[in-house]
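S.K.: Fold the following for me, if possible:
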Amino acid sequence: MKKTLLLLLSAALLASCDPHKSGDEATILFPEAGARVHTGEELLIDVDFKDLKPDSVVYLLDNAVIARKTDTTAVRVPTAGLPMGYRLITAKVYSGAAPLELTSNIVLLAAKAPAFINFQVVKTFPHDTSSYVEGLEYHDGRLYESDGGKDSTFHGGSSLRLVDLTTGKVLKKIQLNTMFMEGITVIGDKIVQLTYQEKLMFIYDKNSFKKLSELPYTLSNEGWGLTSDGKHILASDGSSTVRFLNKNTYQQEGSIDVYDENGAVNSVNELEYIDGMLYANLYNPSGQVLVIDPATGEVKNKIDLSTLWPQAHRGDLDYVANGIAWDQAGKRLFVTGKLWDKLYEIKLLK
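M.R.: So this is what the prediction gives:
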């Protein structure tokens, strides 16, 4: 049975010569703004009209009209499929010349705690321990890697790499010592790479690694992970937000906020899009990968990679699990971490 949340909206009603309006003040009865609602629960929006007799009421969720009524009965709103996070609720009450606008808000959370997916290691490959992995992509039989760092002060600078999966040897590399490079994704015959705090995006030819353009990236204060769903580029910034960019213009067209059953999940890092779901490393000691519904931001599952974390460095964020690559043709999933000596092919045991 669906749970029901009673949302009572009210406001101060100002007296006037309009016979529909009352001089009595109304109050917000229940709940206060910021009520926590789990997706799938039914939301009941109920306005305390006092003695006001409205001609009509228009109800909105964020900017979308969800109901129009000519009476004072409550509105029931299904929450399944709605985006996670803060949602604004508005009731526009028409009674006379100017509408009365009542507002409240809720925080929409995941329906339940994400279930953990177990995995088994299929194969183990060598990995270059000098690579402070920021991005990993497997595309058309080739493994691409973004290595973060800056000058000699932090892990010897950044690089873009083409890597031999079997041996771990770097087959091609562009060294970038003056900027800290972050996530990458492959779009057609191009590689897109973010910078960390330099607010730039680089575009390369996938085959030659020739830099084709350098564009401003000001959508967030920092650049972290990248992936593509085939229609958009998805970008993280270390918060709970994932942005959807036009794959041709690189301009933002939407976003989601990543939430589990408790609230926003921050430190979303490296990204990979796999069979309709968004996989994300977290930049924290958990070693977890989130499996996220890209339509809503709801965390559906988690994968615990902490057992793969090199024993001597567990808990050290310089060695955190980071790097997810999906071989679409071969249906192979690869994971690694910063400065790890191994890259793993794993199979999820769903």
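S.K.: can we go C-alpha only for contacts and neighbour counts from here?
M.R.: Fine.
S.K.: Next, residue 296: secondary structure please.
M.R.: Recorded secondary structure, residue 296: coil (DSSP: H, G, I helix; E, B strand; the rest coil).
S.K.: Closest to the centroid, which residue in the protein?
M.R.: The chain has residue 242 as the residue nearest its centroid, 3.3 Å off, counting by CA atoms, centre = their mean.
S.K.: Could I get the contacting residues of it?
M.R.: Contacts for residue 242 were tallied using CA atoms under 8 Å, 6 or more residues apart in numbering; they are 234-236, 255-258.
S.K.: Please name the spatially closest residue to it (chain neighbours excluded).
M.R.: Distances taken as CA to CA, 6 or more residues apart in numbering place residue 236 nearest to residue 242, at 4.8 Å, with adjacent residues excluded.
S.K.: Against residue 267, how distant is the one you found?
M.R.: Counting by CA to CA, to the nearest Å, the gap between residue 236 and residue 267 amounts to 9 Å.
S.K.: can you count the residues close to the residue nearest to residue 242?
M.R.: When counting by other CA atoms under 10 Å, one arrives at 25 neighbours for residue 236.
S.K.: How much space separates it from residue 310?
M.R.: For residue 236, the distance to residue 310 - CA to CA - is 25 Å.
S.K.: now swap in residue 261 and tell me
M.R.: As judged by CA to CA, residue 261 and residue 310 stand 30 Å apart.
S.K.: so what's residue 2 scoring on pLDDT?
M.R.: pLDDT for residue 2: 45.
S.K.: One more: the one 10 residues further on?
M.R.: The score at residue 12 is 37. That number is its pLDDT.
S.K.: and if you look at residue 149?
M.R.: Note on residue 149: pLDDT of 91.
S.K.: State the number of residues packed around it.
M.R.: Residues within reach of residue 149, counting by other CA under 10 Å, total 25.
S.K.: now residue 116
M.R.: Using other CA under 10 Å, residue 116 is surrounded by 16 other residues.
S.K.: Once you drop chain neighbours, what's closest to it?
M.R.: residue 302 (4.7 Å).
S.K.: now the strands: where do they sit in the stretch 101-250 of the chain?
M.R.: For the stretch 101-250 of the chain, applying DSSP state E, counting those that start in this stretch gives strands covering 115-116, 118-126, 133-139, 142-147, 158-163, 170-176, 181-187, 190-195, 200-205, 211-216, 226-228, 232-236, 241-246.
S.K.: Pull the residues that contact stretch 256-263.
M.R.: So stretch 256-263 is contacted by 38, 83-85, 109-114, 240-243, 264-266, 292, 294-300 (CA under 8 Å, 6+ apart).
S.K.: Overlap in contacts, residue 236 and residue 267.
M.R.: Shared contacts of residue 236 and residue 267 (CA under 8 Å, 6+ apart): none.
S.K.: thinking again about what came up before, and the residue nearest to the centre of the chain, how far is that from residue 190?
M.R.: With distances taken as CA to CA, residue 242 is found 21 Å from residue 190.
S.K.: same deal with residue 68?
M.R.: 48 Å.
S.K.: For those two, work out which one has more neighbours and name it.
M.R.: residue 190 (18 against 14).
S.K.: Could you report the pLDDT at residue 311?
M.R.: pLDDT, residue 311: 88.
S.K.: should've said residue 102
M.R.: pLDDT recorded at residue 102 is 88.
S.K.: most neighbours, which of the contacts of residue 242?
M.R.: Result: residue 235 is most packed of the contacts of residue 242 (other CA under 10 Å), 29 neighbours.
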